[in-house]
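**Q** Sharing a sequence plus its predicted fold:
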Amino acid sequence: MAEQELVEIEIDGKKLQVKPGSMIIEAADDADIKIPRFCYHKKLSIAANCRMCLVDVEKANKPLPACATPIMPGMVVRTQSKEALVAQRAVMEFLLINHPLDCPICDQGGECELQDVAMGYGKSVSRYTEGKRSVKDKDIGSLVATDMTRCILCTRCVRFGQEVIGLPELGATGRGEHTEIGTYIEKSLTSEMSGNIIDLCPVGALTSKPFRFKARAWELEQGTSVAPHDCVGSNIYVHRHRDKVMRVVPKDDESINECWISDRDRFSYEGLYHEDRLTQPMIKKEGAWQVVDWQEALTFAVDGLKKVIDDNTAAQLAAVASPNSTVEEHYLLQKLVRGLGSHNIDHRLRQTDFSDQLATPVSAGLPISIEAIETQEQILLIGSDVQREQPIVGHRIRRAYLRGTNVCVINPMDYHFNFDVKEKIIVSPSTMLQELAAVTKAVLDQTQNTRHGKVADLLKQVTVSDSHQRMAKQLLGAGDKVVLLGAHGLNHLHSSQIKLLANTLSQAISGQCGYLTEGANATGASLAGAIPHRCAANLGVAKSGLDAKQIWQSQLKAFILLNLEPEYDCADPQMALASLQQANFVVSLSPYMTSTMKDYANVILPVCPFAETSGTFVNIENKWQSFAAAAAPQGEARPGWKVLRVLGNLFEQEGFDYTVSTEVRDELKVAVDGMTMTQTNQDHIPSTLNFSANVDLERIAYPPIYRTDNLVRRGESLQRSGIAEAAAVHLSANTATQMNLADCEQVTVKQNGQHVNLPLHVDGRVPDNCVYIPSGFAETAMLGVTSPAALTLERS
Amino acid sequence: MAVTLNQVCFRTLHLDKPWTLATYESAGGYAMWKKILHEKTPPSEIVDTLKASGLRGRGGAGFPTGLKWSFINRDVPGDKYAVCNSDEGEPGTCKDRDILTYNPHQLIEGMLIAQYVMNATGYNYIRGEFDLPLERTEAAVAEARAAGYIGKNVLGSGMDFELYNTVGAGAYICGEETALLESLEGKKGQPRFKPPFPANYGLYGRPTTVNNTETFASVPVILEKGAKWFAELGKPNNGGTKIFSVTGHVKQPGNFEVPLGTSFAELLELAGGLKDGRTLKAVIPGGSSAPVVTGETMMGLDMDYDSIAGAGSMLGSGAVIIMDDTTCMVKALARVAYFYYEESCGQCTPCREGTGWLYRVIKRILDGNAGQHELDMLDDVASKIEGRTICALGDSAAWPVRSFIKHFREEFEFMIQHKKSILD
Ligand SMILES: Cc1cc2nc3c(=O)[nH]c(=O)nc-3n(C[C@H](O)[C@H](O)[C@H](O)COP(=O)(O)O)c2cc1C
Ligand code: SF4
Ligand code: FES
């Protein structure tokens, strides 16, 4: 496309070259000329309702709104002329007459757009002597507080709902002066991004409920950081007051999160101050826990581990880390255990099929940029509840959809998305493989593609139906294409086969295949060597150590756990706990202490969670984002990398002499920069595809959005929010009827000799003969998660 | 010279049951529709005739209708709409009600011709309180459909023309054309910011023309009798006739269709003149939104766009509100101000906040609870609504206030000082 010719205009005497069709306010913003505004927001449609941006345009007979007046060649605009100022001051006066001016008790005080503009354009005494309007506050859930009397009706929040999240929860009811913003029927917000309306609201009408009355904006100090929950790596500011994190807000990054963040990233900081926080090292002596100083705890840990290694071999030691740990922590942890002689280390906690690990690239994420998701024409989601797993990716897909992109899904549940799905296949987890095989076959057939002979051989027996042909035809449509694997694909019982087919399919449609990995730093963990089959920076090992599944199966004698709560974080909590309980010595580096942990651990070393440590996350686009600690550690807690460094020293290992965490990162980064990323990309072809589930009732298990990791699980406001799930049994209406069970009944779930009582929800999203029981809850922790072991349900 | 009444929209008023198809056809109705379809008249020819006729929009703004129709490119693919604005909410106005009630077929014929010109689907948005007018118009649409004037392959032309009546829900603002479109789409009736104008982005985002009932209903007669005939009924730049709804202190209030340019004095006489012994104090010549004009000035004006504009007011919707010397101007303004306060859609700041402010201050003057300085403040507040809002309701709220204070300031000052009306 030819470059659009720029046109010349003049604003406040400055000659500017601007894009035709843009609005005066955009041109002014680009030239750093400040025009006051309330309703305008660069990411929302133009409403032009506040009238604050009125400017003086030569040859116009009245002041015009800069946000809604397209520039014309030769236009002369004055933002500070008498006429402009009179108009702006008048609007300011109108806005203030019914505003309560309760700044001293308003949380927005100090960072209020109305307050700021009023300082410039308002008068100190009001001419308005009538009574002021007051508006009843609404309860819209645990995250956003309302003071609707302060609302200036700019409708940013309304447009955000309609346009950005596709969930028009807020609207303006009533007319004229009686207009109110609300949900109409009182209810909690149910978007995973609802907190953004707090930032959008220019006044104190919508504020953060968890932050309410906690501190004044001007008392806060700001640190930058990276959100610690998903593989997107949203940029954030952490605001602290006297070393305590008070709130988290987005930091603009157009290439990643733009100006948004998910509610999980915004409110999970509450978990930092949960009563489970451990602030002093603890050791267990003769069955009793005692608080000790660091030196004693570390010596105790080193002695305990040494004893196991000396009595047995280093192969009896394993390390398991949460993928939310930093690159530095992963790197030092693997350096430590490898230095001790073991390759048993993993962070792929919910994965169960590792058969292809040697054949796949060390760090598989997104082959395109996060931004580029918007320009794809065809998107296939496999096993992904993307909106809840990676809200920002979901948002990008919605934007693509609004632009006309076709989205297809193959999913084990009929997840609700804020984009329409063109073709969808909703089947049980095991059948997903078969359906993906059929779509792949249809694509190969339709394109008469012979490059994938070996895979085609595997697909010989697969039956292709109309729905597969339709999806294949869609995926073969024009434009850029990407196939995205979510948690249900990556953690599938036969994920190697899912990945094989997804890659074959994406190649056959001339698209790309991306993995939406779990946690904030799976890519970083792999690159750092927190995997059994590769050292840091993809260096090969003579013999692979045990993977996350084998580690739990092997009755090992010693463990080092990092940021881990196995009962919630692992594919098979039952097995993980049993394994830890039989071990001789367990060292847990954790910000939290739980009763389960007290049961299996011998030492608990309090490490700093998110915000209290410096570190690096590598997101799915392979972007390394480092951050400093944004708040001081609590009590005696210490950053994980420091603890691991000292452990290295105490084990008298070489190369543990770092003084700052960036040295750790740089050491790895140099090695990674020198490596070939995709040196091993040959297909891992199994002899046959495993299509059958072998069970009558298949369990679908995944932690809901606010149960994914140790921090968010302790975010109390999130737990009470509109989309927080509770432990329950979800069945399709058909299956419930067949089993003679009814909605809201208590049912008993039996699996592996364990049983729990849970309420039953008839849930239209669940396919027949499947049962969705979320993981990540104490109530469901004792059930083997993805194990295909027989599971039964009966009325309690 | 006696004024000739009822030459255009009310031309069938004297006939028996003029709202029926039979009567309308007996008076030559639908002849133009048949002719156009039969001859496949080039749409541009129709537009040219309208331009030459000087027909200006009868909904208030007086925009030249031929020009407006020419904005729609009938050849752009996809839906296009011709929308009739029968919301008639402007206080004092009741002419569209009578067109819908007594001559609905002529409106339908006018709309169909517009649909032909623009290759558009028709919607007639009727004020919610109009029970009988709706009933008649619905019946007329059904008759016209049965007669083959509406529907598929109309009169064998191979062309389809759909036309629907829809009903508003009692909001004045839904008479503003873009709020009307929002309402038609099933949304809350709130004006859209313009540009884009409906011609580019109208109903469901498609090219749309919105015209007033009287505007559409004038079209068949103009085509039948010619642009010249119509133009010469009125004055240059003020072609044709206009229905004036004369209300207030006259002996025979009512609708009078007279040639534009008829003197106000003649119109007043048609309405039976003032009540005995009364003198003319003030007139709002174009619906409550129009600035008030003193009786004295008014007596020297003609009832056409330019003459009234020359006196600082506007012809608007043609609602002529007559106020004699018994009128308390403060009370009158309070009532008008209350209307705009109640009807503001609330979308934009100056109107939402300003209309309430204006009303409250005027109310306090009435209640004997205001200071002299507040008169200037009132004018100042009104001046800051004017010209700064999304739609013209803001102006409509401001103009009465400013003009009442300008022309009748002593009445306001008197009331503030003495806490009673100058008339008491
Ligand atoms: C607040 C407001 C109310 C209006 N109400 C009406 C109405 O009831 N009927 C009408 O025809 N035009 C009304 N208008 C004018 C319309 O916006 C529009 O100009 C008109 O329908 C165009 O038709 P015309 O060109 O045939 O006059 C109103 C305008 C405003 C600002
Ligand atoms: S001027 Fe009044 S009625 Fe018109 S859009 Fe603004 S608030 Fe609504
Ligand atoms: S910012 Fe332009 S009208 Fe609100």
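**A** Happy to help now that I have it. Ligands and ions are numbered 1, 2, ... in the order given.
**Q** Can you list the low-confidence ranges for the chain?
**A** Because you didn't say which chain, this covers chain A. For chain A, residues meeting the criterion pLDDT under 70 lie at A:1-3, A:676-683, A:693-694, A:785-789.
**Q** that's the other chain; I wanted chain B
**A** B:1.
**Q** what do you get if the cut-off is 90, keeping everything else the same?
**A** Residues of chain B meeting the criterion pLDDT under 90: B:1-2, B:170, B:195, B:236-237, B:239.
**Q** Centroid-nearest residue for it?
**A** Geometric centre of chain B, nearest residue: residue B:59, 2.9 Å, by CA atoms, centre = their mean.
**Q** Is stretch B:351-367 positioned near ligand 2?
**A** Yes - using CB under 6 Å from any ligand atom, stretch B:351-367 reaches ligand 2 at B:351, B:352. C-beta coordinates here come from the backbone N, C-alpha and C atoms, glycine included.
**Q** Residue B:49: neighbouring residues, count only.
**A** Residues lying near residue B:49 (other CB atoms under 10 Å in any protein chain shown) number 19.
**Q** Same check on residue A:581?
**A** Counted with other CB under 10 Å, residue A:581 comes out at 11.
**Q** now swap in residue B:31 and tell me
**A** Residue neighbour count, defined by other CB under 10 Å, stands at 14 for residue B:31.
**Q** for residue B:379, same thing?
**A** Close neighbours of residue B:379, defined as other CB under 10 Å, add up to 18.
**Q** how much space between it and ligand 1?
**A** For residue B:379, the distance to ligand 1 (CB to the nearest ligand atom, to the nearest Å) stands at 21 Å.
**Q** Next: residue A:669.
**A** The spacing between residue A:669 and ligand 1, counted by CB to the nearest ligand atom, is 64 Å.
**Q** Report the secondary structure state of that residue.
**A** Three-state call for residue A:669 (DSSP: H, G, I helix; E, B strand; the rest coil): helix.
**Q** CA atoms only: put stretch A:736-744 into CSV for me.
**A** Extracted C-alpha coordinates of stretch A:736-744, given in CSV (Å, rounded to 0.1, in the frame of the first residue of the first chain):
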residue,chain,number,x,y,z
ALA,A,736,-26.5,-36.1,34.6
THR,A,737,-29.8,-37.5,33.5
GLN,A,738,-28.2,-40.8,32.6
MET,A,739,-26.6,-41.0,35.9
ASN,A,740,-29.9,-40.0,37.6
LEU,A,741,-28.3,-37.0,39.2
ALA,A,742,-29.8,-33.5,39.3
ASP,A,743,-28.3,-30.0,39.4
CYS,A,744,-27.2,-28.7,42.8
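**Q** hmm, who's touching that stretch?
**A** With contact meaning CB atoms under 8 Å, 6 or more residues apart in numbering or on different chains, stretch A:736-744 is reached by A:731, A:747, A:759, A:760, A:761, A:762, A:793, A:795.
**Q** Of the residues you listed, which is the most crowded?
**A** Among these, residue A:731 has the most neighbours (other CB under 10 Å), with 26 neighbours.
**Q** which residues touch residue 18?
**A** No chain in the question, so chain A it is. Residues near residue A:18 by CB under 8 Å, 6+ apart: A:6, A:7, A:8, A:9, A:26, A:27, A:30, A:71.
**Q** try chain B instead
**A** For residue B:18, the contact set (CB under 8 Å, 6+ apart) comprises B:12, B:24, B:27, B:102, B:103.
**Q** can you pull the contacts of the fourth one?
**A** Yep, that's residue B:102 we're talking about. Contacts for residue B:102 (CB under 8 Å, 6+ apart) come out as B:10, B:12, B:13, B:18, B:19, B:136.
**Q** again, only this time at 6 Å
**A** B:13, B:18, B:19 (CB atoms under 6 Å, 6 or more residues apart in numbering or on different chains).
**Q** Repeat that for the first one.
**A** Each residue near residue B:12 by CB under 6 Å, 6+ apart is listed here: B:18, B:27, B:103.
**Q** And these, which is closest to residue A:92?
**A** Nearest to residue A:92 among those: residue B:103, at 50.3 Å, using CB to CB.
**Q** ok, that closest one - how many residues close by?
**A** A count of nearby residues for residue B:103, using other CB under 10 Å, gives 28.
**Q** who touches it in this structure?
**A** B:12, B:18.
**Q** Residue B:74 touches residue B:115, doesn't it?
**A** No - applying CB atoms under 6 Å, one finds residue B:74 not in contact with residue B:115, separated by 10.0 Å.
**Q** These two - which one has more neighbours?
**A** residue B:115 (24 against 15).
**Q** who touches residue A:149 in this structure?
**A** Listed by CB under 6 Å, 6+ apart, the contact set of residue A:149 reads A:100, A:134, A:135.
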